[in-house]
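Make a model of this:
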Amino acid sequence: MISLGTWLRVGVLGVALALPQGAVAESLADAMIAAYRNSNLLDQNRAVLRAADEDVAIAVSSLRPVLAFRAGAAYSHTQFNEGLSGTISLLAEMTLFDFGRNAATIAARKETVLASRQSLIGVEQDVLLDAVAAYVGLQQFQDIVALRQSNLRLITQELRASQDRFEVGEITRTDVAIADSRLAASQSELASAQGDLAVARETYKLAVGNAPGSLKRLPKMPRTAASLAEAQAIAKRTHPRVRQLQHEVAAAEAGILLSKANMGPTLTGNIALTDTRQRADSFSAGVTLNQTIYAGGRPSALYRQSLARRDQARAQLQQTAAVIVQAVGVAWTGVQVAQASILASDRQIRSAQTAYDGVREEAKLGSRTTLDVLNAEQELLRARTSRLSSESSYYTGVYTLLSRMGLLTVDHLKLGIPTYDPQAYYNAVKNAPATSSQGKRLDKVLKAIGN
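Below is the predicted model:
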């Protein structure tokens, strides 16, 4: 009689042979690279970041002169005269001094850009973690299907053996019925496992961006931290959500300065040149100082609101840091539990294998029933299935821990591919280019992003 271990090896080999020949096996790193390159979510958030970059350009442009061209024509008719007149005017206006408004606005929007960059890193971590979970889950269900297939073959063999023994009068019809019942249950469990595998394939396709092929076995684990305290300290320094909120606090501080500056005056200058195509062409220039004396308390309310928003951002930063530290602790514990479960499952498999082999031999001698053999086989199957689940939890747990520490990025994992450079677009637009060489450089950046 063939052992369950042999059937398992045959089942795994059968799954491998069923895959398309000539296809290169896909590694976990390949899956993460594909997810990074194919992610619509990353594309969406990169566009959000580019929009934030433009806010800086908009703020920079507000202190530059505004040049406007105006042309008009009018027809007039009186008792003594009628005719068509036209005017062409060139108008220029510029804020000379805003007493800190623009500087505060630019500072706030630069901090918003930096916060958006950290938000993009957070999305990158989510995309990579989803890819890891999809890859590990798909491999787990492939292995479970192989287990179920080998289990089905084994029970089929047991049923045939039971029928043969019944024919010679060694056992009763009850033993045959028990084996047949277990065969039906095994067929049902195999169908369920195949359904889970089909769902896992669709999950993989969504997370990675392409249909799965042959998968390589899981690689060596990446390094995390030597201790829980070290992992939590790293998370407080490097987690993108913490860094994002730090920049949002700085933006709120700049908002306070802007609220103060909005209470002050503004000084603007203007020039106008008008051609009426008659004798009276005109040129004018002037400066205007604007100062609001009373606005119904609105400036003071806006200032108090900016203080409250700064306090809100600070409190949110503190709370988020605490939540992240707690999440690291949970992830760390999850990894430890998974490691312990793997060791326990290994011991369970060894014991269940020994018990199965013993019961099977005793059944040959007539001291054990078919039910005893099937129960022992089922116990071994549960142990192997539990081992697969624990191993999947361990791998996913380690990468989850890296994510909670803020280290699940393409650069930290050294995946060896070019990554999106958020500085490139910012550098192209930060000075609010309009045309010429700056505009051409921006076109190149946008084309590269589109590719």
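
List the buried residues for the helix or strand containing Met32?
Using DSSP states H and E, Met32 sits in helix 28-38. Within helix 28-38, the residues scored as buried using 16 or more other Cβ atoms under 10 Å are Leu28, Ala29, Asp30, Ala31, Met32, Ile33, Ala34, Ala35, Tyr36. Where you see a C-beta, it was placed from the backbone N, CA and C, and this is true even at glycine.

Now do the second one against Arg160, distance only.
In this view, Ala29 and Arg160 are 45 Å apart by Cβ to Cβ, to the nearest Å.

Likewise for the first one?
Using Cβ to Cβ, Leu28 is found at 41 Å from Arg160.

Next, the nearest residue to His239 once chain neighbours are set aside: phi, psi?
Of all residues not flanking His239 in the chain, Gly406 sits nearest, at 3.6 Å (Cβ to Cβ, 6 or more residues apart in numbering). With angles defined as degrees, to the nearest 10, Gly406 sits at phi 80, psi 20.

The one 10 residues further on too?
Backbone torsions for Gly416, taken as degrees, to the nearest 10, come to phi 70, psi 30.

how about Arg387, secondary structure?
Classification of Arg387 by DSSP: H, G, I helix; E, B strand; the rest coil places it in helix.

and it, what is it in contact with?
Arg387 is in contact with Ile342, Ser345, Asp346, Gln348, Ile349, counting by Cβ atoms under 8 Å, 6 or more residues apart in numbering.

Local confidence estimate at it?
As predicted, Arg387 sits at a pLDDT of 94.

Report the central residue of this protein.
Asp126 (2.5 Å; Cα atoms, centre = their mean).

Now for that one: which residues touch it?
Leu41, Ser403 are the contacts of Asp126 under Cβ under 8 Å, 6+ apart.

In terms of helices and strands, where is it?
Asp126 belongs to helix 101-167, assigned by DSSP H and E.

what angle do that helix and helix 28-38 make?
Counting by axes from the mean of the first three to the mean of the last three Cα atoms, to 10 degrees, helix 101-167 points 140 degrees away from the direction of helix 28-38.

Show me how far helix 101-167 is from its chain's centre.
13 Å (Cα atoms, centre = their mean, to the nearest Å).

That helix: what's the following helix or strand?
helix 173-208.

what's that following helix packed up against?
helix 28-38, helix 101-167, helix 370-405 (3 or more Cβ pairs under 8 Å, 6 or more residues apart in numbering; DSSP states H and E).

quick one: average pLDDT of the second one?
Across helix 101-167, pLDDT averages out at 94.

if we compare the helices and strands packed on helix 173-208, which one ends up closest to Leu273?
helix 101-167 (26.7 Å; Cβ to Cβ).

List the residues that contact the residue nearest to His239.
Ile121, Gln125, Ile234, Ala235, Arg237, Thr238, His239, Pro240, Arg241, Val242.

what pLDDT does it get?
pLDDT for Gly406: 96.

Please apply the same query to Asn270.
pLDDT, Asn270: 89.

do Gly14 as well
Looking at Gly14, its pLDDT stands at 44.

any chance you could map the helices in the stretch 301-450 of the chain?
370-405, 410-413, 422-429, 436-450 (DSSP state H, counting those that start in this stretch).

Ok, which of these comes nearest Met221?
helix 370-405 (5.1 Å).

I'd like to check the angle between the closest one and helix 101-167, please.
Here helix 370-405 runs at an angle of 170 degrees relative to helix 101-167 (the same axes, to 10 degrees).

mind listing what's buried in helix 370-405?
Neighbour-count burial for helix 370-405 [16+ other Cβ under 10 Å]: 370, 372-381, 383-405.

what do you get for stretch 301-314?
Leu302, Tyr303, Ser306, Arg309, Arg310, Ala313, Arg314.

what's the answer for stretch 262-274, then?
For stretch 262-274, by 16+ other Cβ under 10 Å, it's Asn262, Thr266, Ala272.

what's the closest of those to Val199?
Asn262 (55.8 Å).

In contact with the closest one: list those residues for me.
Arg101, Pro299, Leu302.

Give me the three-state assignment for the closest residue to the second one other than its chain neighbours.
Among residues not flanking Pro299 along the chain, Met263 sits closest, at 4.8 Å (Cβ to Cβ, 6+ apart). Three-state assignment for Met263 (three-state DSSP): coil.

how far away is Met263 from Val287?
On the measure of Cβ to Cβ, Met263 and Val287 end up 21 Å apart.

For the contacts of Arg387, give me TSV that also has neighbour count and pLDDT.
Formatted as TSV, the contacts of Arg387 follow (neighbours: other Cβ atoms under 10 Å; pLDDT from 0 to 100):
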residue	neighbour count	pLDDT
Ile342	17	95
Ser345	21	94
Asp346	13	95
Gln348	18	94
Ile349	18	94
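
ok, of the residues you listed, which one's closest to Asp55?
Closest to Asp55, out of all of these and judged by Cβ to Cβ, is Ile342, at 50.0 Å.

Quick check: that closest one touching Leu388?
No. Checked against Cβ atoms under 8 Å, the pair Ile342 and Leu388 is beyond contact range at 10.1 Å.

Narrow the contacts of Gly406 to those that are buried.
Buried members of the contacts of Gly406, counted by 16+ other Cβ under 10 Å: Ile121, Gln125, Ile234, Ala235, His239, Pro240, Arg241, Val242.

ok, of those residues, which one's closest to Ala434?
Distance to Ala434 across the buried ones among the contacts of Gly406 (Cβ to Cβ) is lowest for Ile121, with 31.3 Å.

residues contacting the closest residue to the closest one other than its chain neighbours?
Using Cβ to Cβ, 6+ apart and skipping residues adjacent in sequence, the residue nearest Ile121 is Pro240, 4.0 Å away. For Pro240, the contact set (Cβ under 8 Å, 6+ apart) comprises Gln118, Ser119, Ile121, Gly122, Gln125, Gly406.

And Glu362, by the same measure?
Here Glu362 is in contact with Arg368, Asp372 (Cβ under 8 Å, 6+ apart).

And it, how far from Tyr399?
Separation of Glu362 from Tyr399 (Cβ to Cβ): 45 Å.

One more: Gln232?
17 Å.

Then Ile178?
Counting by Cβ to Cβ, the gap from Ile178 to Tyr399 is 44 Å.

what bits of the protein have low per-residue confidence?
Counting by pLDDT under 70, the chain has low-confidence residues at 1-23, 277-280, 435-451.
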